[in-house]
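>>> Below: sequence and its predicted model.
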Amino acid sequence: MTGSINLRNVFSGRGKFLIGGLLIIAAVVYLIVSSTQANAQYFLTVEEMASKATDGRDVRVSGAVVGDSILYDPQALTLSFTVADVPGDNKVIEAQGGLAAVLHAAVSDPSRPRMKVVYSGPKPDLLRDEAQAIMTGHMGTDGVFYADELLLKCPTKYEEAVPSQVTK
Amino acid sequence: MIANFGYGSLIVTFLVSLYGIGAAIYGARRDAASWVNSARNAMLLTFPLVTLSALSIVYLLVNGHYEVAYVAQVTSNSMPLYLKVTALWGGQAGSLVFWCWLMSAFASAVALRKWDRDREFLPWVIVVCSITLAFFLGLVIFIENPFVRLWQSFSGEPIARMFQPAGTLPYVPSDGNGLNPLLRHPGMVLHPPMLYLGFVSFVIPYAFAIAALITGRSDDRWIRITRRWTLVAWLFLSMGLVLGMRWAYDVLGWGGYWAWDPVEIAALMPWLTGTAFLHSVMIQEKRGLLKQWNMVLIIFTYDLVIFGTFLTRSGVLSSVHAFAQSAIGPVFFAFIGLTLITSLAFLMRRWNELAGEGHMTSLLSREALFLDNNLLFMGILVVCFWGVIFPLISELVTGQKVTVGPPFYKRATGPLFAGLLFLMAISPLSAWRHSNTKTIQRVIWKPFIVSLVLVVVLLVAGVSQPFSLLGFWLVALVILVTLYEFWRGAVARHRAQGESLPVALWRLASRNRRRYGGYIVHLGMVVMAVGIIGIEIFQTQTQATLQQGESLSLGAYTMRYDNLAIFDTPDGRNVARAVVTISKNGKIVGDLHPRRDYYYESQQPMTIPGVRSTWEDDFYVVLVDWQPVTTQSATFKVYHNPLINWLWMGSLIFILGTLVAAWPERENELATEKVKSTTFIPASV
């Protein structure tokens, strides 16, 4: 008896607004949680890729492009190149003199872990020696990383405190 | 010389605005009008001062004073004049000065309004505007100085300092780096100022909100004063976002318009809270509810504006927009934290005075639907915020950086945007206070049936993708309901006043500008939604390497590769320009010229797609690669983007709608003036 009365109160007064609001909030929370689970990607360094079994799952990897290794077949639209390990932590990058310096050091040091990348698609404008590549894709059983998406950053080409003529 | 002058002018402005803050607070505390007036004059003075400083930068940019580091960084000899001028906002330091200039302009405009009825707000509005201005001036003066010059030590080391360090000589490069080629586009000339105008104009309603909190005026006066400011801010911010999309579509050559890049999200977040605010203030005006919530929204909007400025200009997150890392991060966070905490503290102090003047009674009343709209906007905001900070959180919790990309945002925001469309469809039909399914059903059934017929037509035409059908149905329902509202209003006038229908329609809209302007904005939004559904769900692409004379096909289109020319231009580019012939269903419809520009000075190539654009679809061709010298073969990537033009057209409609809603209601004001001169009317009218 009292239960039904309370229930009526809930639905007639401000309770219904509370319930409506909670429903919307629950929907938002559900959307966020489920979308995160469905789409979260580990962001790894080349070194972590070498040591971790990713079981062919989609991951994101950041590395420094080794210029000499870039091979592009415009007929088949396949692009392959090697990336060298760069630290994933921004603080570490800053401590080592900034992104440009870190990328340069990674490419010039042959003892750093490296990884071969294959990407099919047009060759991006910014792909060049010592660019930072951020790749989304999976590790094949052959030890080659198959990238579905390729983002590039060239720290030297954007904001530079001093123009290049000065440093020459 | 000019650099020193510009820098000096910045410092003077900084001191003047600090004085303004002090004088305004003192004047308000002591109730001394002369001090408040002095603070107001100080605020008026900041505009000419910052103008001088900004003009100094423009002078240096236009005349190629490469001894100034900023000039050397963003301009070069070969750049055309308009790009040299707009390079003012091409880099971090300059764009912060531009921000200050807009802020001082808006603050001055506010200072010049008639203050008779709201005298007590004035000092606090000055304080908030001046603090914001002083913060950005401080950034420019102490951290990101655009007037820093280049010096060369005897060991050849280059140094960038404001004043000549000991043991150095002035260094004047013969040419500069030049603006990033990606930014040399008309869209990029307009996109940052629009966005900044939007950002800065949101400071004004915030300033009035804080003034209301401090003075303890719990009525909706601050909302009425700033209604037009908010609309204008919203318009600029929206236009800034659309121009950014257009730029991405025209320049970046990846066939899309929005990448859920952190910087895009940073500009979207204040738009979300601002749009929620525009709606929820109406509940306060009509029903005296949600006063606390409106305060929360405008405070959030302000801090998201500062956050947005910070993200776009600090390189804190990796994105195509990122400028290099800079020292301004911690300062920004300190300022955001400080203003947020202070504002919320003011709000807490007045919390009880801002209690609602009643309750919501009906779940389908207009105020309740507006509340739902607010919850959905906040939901989208939370999704965006979560996506941006998720990598940081996961790193803190698990030690592993985990990111989410565009699929996350699309999946999580899609249903929420659909919910907003649904609300747009039913809200115009609901009434304030009391409304139920019956009252809504009575008016919605006609548009509803027509919209279902449209879905059936689409099904017959072969559209079977469920989400697109749902989307198109919602769009159709909104358009039909909105047009039906115009129709019903016009017919009612026609019957009651005996006006002809077009006259009735015109009078209807011009007498209720706010309401019908809002409906036009809604129409613009749903027309944009058509474009978004088209490209998100139906985009197709292909790529191929073609010999001259060979063709590729995509959908109804065929593209033939004719030839390719490679040449140098006088402004320092090497251009590879292909000619392709497009035919649709076997009929030739025209040529396209996708090209690749290589900028010698910055060694950066830039891809400019060739686009054939119609209402139905865009055929978007990107030149990827070609055989050097002989140009016998070339590689193309081709996109078919259905309905994308609706996205741009929709933006024109919402601009029109906002202008209608914001247009001053002259007739009414005149009428009030007339009445005022003869009789006394209470202030609440």
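Yep, that arrived.
>>> got the residue ranges for the helices in chain A?
Assigned by DSSP state H, the helices in chain A fall at A:2-12, A:15-39, A:46-51, A:90-95, A:99-108, A:164-167.
>>> Buried deepest among those, which one?
Neighbour counts (mean count of other C-beta atoms under 10 Å in any protein chain shown) averaged over each of those peak at helix A:99-108, with a mean of 19. All C-beta atoms are positioned from the backbone trio N, CA, C, and that covers glycine.
>>> Give me the residues contacting it.
With contact meaning C-beta atoms under 8 Å, 6 or more residues apart in numbering or on different chains, helix A:99-108 is reached by A:63-67, A:84-87, A:93, A:96, A:112, A:129-132, A:153, A:155-156, B:325.
>>> same deal with stretch B:601-614?
Taking C-beta under 8 Å, 6+ apart as the rule, stretch B:601-614 contacts A:125-126, A:157, B:76, B:78, B:175, B:177-178, B:180-182, B:250-253, B:255, B:572, B:578, B:580, B:582, B:589-590, B:592-599, B:618-624, B:644-645.
>>> Filter those down to the buried ones and hand me the PyMOL line.
Under the burial definition 16 or more other C-beta atoms under 10 Å in any protein chain shown, those of these that qualify are selected in PyMOL by:
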select buried, (chain A and resi 125+126+157) or (chain B and resi 76+78+175+177+178+180+181+182+250+251+252+253+255+572+578+580+582+592+594+595+596+597+598+599+618+619+620+621+622+623+624+644+645)
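>>> among the contacts of stretch B:601-614, which are in helices?
B:644, B:645.
>>> Counting only strands, which of the contacts of stretch B:601-614 make the cut?
B:578, B:580, B:582, B:589-590, B:592, B:595-599, B:618-624 (DSSP state E).
>>> Do you have the helices of the stretch 401-550 of chain B handy? List them.
For the stretch 401-550 of chain B, helices defined by DSSP state H, counting those that start in this stretch occupy the ranges B:406-426, B:437-460, B:466-497, B:501-511, B:513-538.
>>> Run through the stretch 201-350 of chain B and note the low-pLDDT ranges.
B:313-327 (pLDDT under 70).
>>> give me the beta-bridge partners of the spatially most central residue of chain A?
Nearest to the geometric centre of chain A sits residue A:60, at 4.1 Å (C-alpha atoms, centre = their mean). On the basis of DSSP bridges, residue A:60 is bridged to residue A:43, residue A:136.
>>> how close does it sit to residue A:152?
Counting by C-beta to C-beta, to the nearest Å, the gap from residue A:60 to residue A:152 is 13 Å.
>>> for residue B:482, what are its contacts?
B:424, B:428, B:519, B:522, B:523.
>>> Skipping adjacent residues, who's closest to the fourth one in space?
Of all residues not flanking residue B:522 in the chain, residue B:424 sits nearest, at 5.1 Å (C-beta to C-beta, 6 or more residues apart in numbering or on different chains).
>>> The second one too?
Closest residue to residue B:428 apart from its sequence neighbours, by C-beta to C-beta, 6+ apart: residue B:485 at 5.0 Å.
>>> ok, back up a step: just so I know, which of the helices of the stretch 401-550 of chain B lies nearest residue B:217?
helix B:513-538 (22.6 Å; C-beta to C-beta).
>>> Let's check: the centremost residue of chain B is which one?
residue B:237 (2.6 Å).
>>> distance of residue A:151 from chain B?
8 Å (C-beta to the nearest C-beta, to the nearest Å).
>>> count of neighbours near that residue?
Counted with other C-beta atoms under 10 Å in any protein chain shown, residues neighbouring residue A:151 total 19.
>>> What residues does the closest residue to it other than its chain neighbours make contact with?
Take residue A:151 and drop its neighbours on the chain: the residue closest to it by C-beta to C-beta, 6+ apart is residue A:134, 4.3 Å away. For residue A:134, the contact set (C-beta under 8 Å, 6+ apart) comprises A:60, A:61, A:62, A:150, A:151, A:152, A:153, B:318.
>>> likewise residue B:226?
Applying C-beta under 8 Å, 6+ apart, the residues near residue B:226 are B:204, B:205, B:208, B:209.
>>> and what of residue A:14?
B:359, B:360.
>>> Now residue A:96: closest residue in space, sequence neighbours ignored.
residue A:102 (5.1 Å).
>>> Check the spacing between that neighbour and chain B real quick.
Counting by C-beta to the nearest C-beta - residue A:102 and chain B are separated by 12 Å.
>>> which regions of the stretch 501-650 of chain B sit below the pLDDT cut-off?
Looking at the stretch 501-650 of chain B by pLDDT under 70, you get an empty list.
>>> Recalculate using a threshold of 90.
B:501-502, B:505-515, B:542-545, B:555, B:569-573, B:597-608, B:624-633, B:635, B:637 (pLDDT under 90).
>>> tell me what the helix or strand hosting residue B:46 is packed against?
Per DSSP states H and E, residue B:46 falls inside helix B:33-62. Where contact means 3 or more C-beta pairs under 8 Å, 6 or more residues apart in numbering or on different chains; DSSP states H and E, helix B:33-62 is packed against helix B:2-30, helix B:69-74, helix B:81-86, helix B:92-111, helix B:122-138.
>>> Pretty sure residue B:551 sits against residue B:560.
Yes: with contact defined as C-beta atoms under 8 Å, residue B:551 counts as touching residue B:560 (4.4 Å).
>>> ok, the two, which is more surrounded?
For residue B:551 versus residue B:560, neighbours defined as other C-beta under 10 Å are more numerous around residue B:560 (17 against 14).
>>> residue contacts, that one?
B:546, B:549, B:550, B:551, B:580, B:581, B:583 are the contacts of residue B:560 under C-beta under 8 Å, 6+ apart.
>>> Quick check: of those, which lies closest to chain A?
residue B:546 (10.7 Å; C-beta to the nearest C-beta).
>>> Is the closest residue to that closest one other than its chain neighbours in a helix, a strand, or coil?
Using C-beta to C-beta, 6+ apart and skipping residues adjacent in sequence, the residue nearest residue B:546 is residue B:561, 4.1 Å away. Of the three states, residue B:561 takes strand under DSSP: H, G, I helix; E, B strand; the rest coil.
>>> shouldn't residue B:561 be in contact with residue B:547?
Yes: Residue B:561 is within contact range of residue B:547, at 7.3 Å (criterion: C-beta under 8 Å).
>>> Who has more neighbours out of those two?
Remark: of residue B:561 and residue B:547, residue B:561 carries more neighbours, 27 against 10, as counted by other C-beta under 10 Å.
>>> how far away is the more buried one from chain A?
13 Å.
>>> Which residues are in contact with the residue nearest to residue B:546?
So residue B:561 contacts B:546, B:547, B:548, B:549, B:550, B:551, B:578, B:580, B:633, B:634, B:636 (C-beta under 8 Å, 6+ apart).
>>> now with 7 Å?
B:546, B:548, B:550, B:578, B:580, B:634 (C-beta atoms under 7 Å, 6 or more residues apart in numbering or on different chains).
>>> As a markdown table, the residues you listed with distance to residue B:294 would be great.
Converted to a markdown table, the contacts of residue B:561 look like this (distance: C-beta to C-beta, whole Å):
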| residue | distance to residue B:294 |
| --- | --- |
| B:546 | 59 |
| B:548 | 64 |
| B:550 | 62 |
| B:578 | 55 |
| B:580 | 54 |
| B:634 | 57 |
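>>> Could I get the buried residue list for the helix holding residue B:46?
Result for helix B:33-62 [16+ other C-beta under 10 Å]: buried residues B:35-36, B:38-40, B:42-47, B:49-50, B:52-58, B:60-61.
>>> any idea of the mean pLDDT for that helix?
Helix B:33-62 comes out with an average pLDDT of 95.
>>> partner residues bridging whichever residue of the stretch 51-200 of chain B sits closest to chain A?
In the stretch 51-200 of chain B, the residue that lies nearest chain A is residue B:158 (3.9 Å; C-beta to the nearest C-beta). Bridge pairing for residue B:158 (DSSP bridges) gives the partners residue B:152.
>>> Would you mind writing the CA trace of stretch B:478-492 as CSV?
Extracted as CSV, the C-alpha positions of stretch B:478-492 are listed here (Å, rounded to 0.1, in the frame of the first residue of the first chain):
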residue,chain,number,x,y,z
VAL,B,478,12.3,19.2,-37.7
ILE,B,479,12.0,21.0,-41.0
LEU,B,480,8.3,20.1,-41.3
VAL,B,481,7.4,21.0,-37.8
THR,B,482,9.3,24.3,-38.0
LEU,B,483,7.8,25.3,-41.3
TYR,B,484,4.4,24.2,-40.0
GLU,B,485,5.0,26.6,-37.0
PHE,B,486,5.6,29.5,-39.4
TRP,B,487,2.5,28.5,-41.4
ARG,B,488,0.3,28.2,-38.4
GLY,B,489,1.4,31.6,-37.0
ALA,B,490,0.9,33.3,-40.4
VAL,B,491,-2.5,31.8,-40.9
ALA,B,492,-3.6,32.9,-37.5
